[in-house]
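In: From the sequence below, what's the structure:
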Amino acid sequence: MSGFGPVPARIARWRPEEAIGLEHLELAPAASGVRARGTIIGGRGGVPYGVSYDIACDEAWRTRSLHLRTASGRSIDIRSDGAGHWTDAAGLALPRLEGAIDVDLAGSAFTNTLPIRRLGLQAGERSPDLKMVYVPFDSFEPVIDLQIYTCLEPGARYLYQAADRSFEAELPVDGDGLVIDYPSLFRRLPDPSS
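Out: Here you go, the predicted model:
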């Protein structure tokens, strides 16, 4: 058992460990699954960014659409059939993203929740190499990134690994699958509604 129940409407916030910034997330159930809307402000490599996101997932936590907009007006609007086939807003196929089910945004702790919730891994179970639609905020060009998740404790702790073994982190999560602490990168702030 994955240890997660239905997602409630809630707000969560994270701050970067070694920089000034904030991710603000509003998560809510939707008629067709789950909707995540958020804003990320921060900087990487001396380059500041401000990005808003809107991610729609189906009931199985498969990403169905991603809309990103920068404070300067750049945007990305892509859609998926939930089986790894992506199109742009005009319906044109994006073969370079073929096979990805989840999205991963630079500067976001939230997007780790997507594969954690979707996979429902059991204790000790390891995912195959997962293709992610990764969006770095410097180039703002979606690319494929390979990642691995291993369940250390269902509904509580997961190991994230870059498939090329360049980075790994143990991620404690709350009862909704939201990351509490992402060592060296992000720390969750107290619930703003409490």
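
In: This protein: strands as residue ranges?
Out: Ranges of strands in the chain, per DSSP state E, are 10-16, 22-30, 33-44, 47-58, 63-70, 75-80, 86-88, 102-105, 130-135, 143-153, 157-162, 168-172, 181-182, 186-188.

In: Nearest residue to the middle of this protein?
Out: Most central in the chain under C-alpha atoms, centre = their mean is Thr111, positioned 1.0 Å from the mean C-alpha point.

In: follow-up on the earlier one: compare the strands of the chain and report which one is nearest to Pro95.
Out: strand 86-88 (8.3 Å; C-beta to C-beta). All C-beta spots, glycine's among them, are computed from the backbone N, C-alpha and C.

In: From Leu159, how far out is Glu168?
Out: Note on Glu168: its distance to Leu159, by C-beta to C-beta, to the nearest Å, is 6 Å.

In: now the end-to-end length of stretch 91-102.
Out: Length of stretch 91-102, first residue to last, C-alpha to C-alpha, to the nearest Å: 19 Å.

In: The residue nearest to the centre of the chain contacts Asp102, doesn't it?
Out: Yes: between Thr111 and Asp102 there is a contact under C-beta atoms under 8 Å: 7.3 Å.

In: Mind listing residues that contact stretch 85-97?
Out: Stretch 85-97 is contacted from outside by 77-80, 98, 100, 133, 142-144, using C-beta atoms under 8 Å, 6 or more residues apart in numbering.

In: Understood, closing this out.
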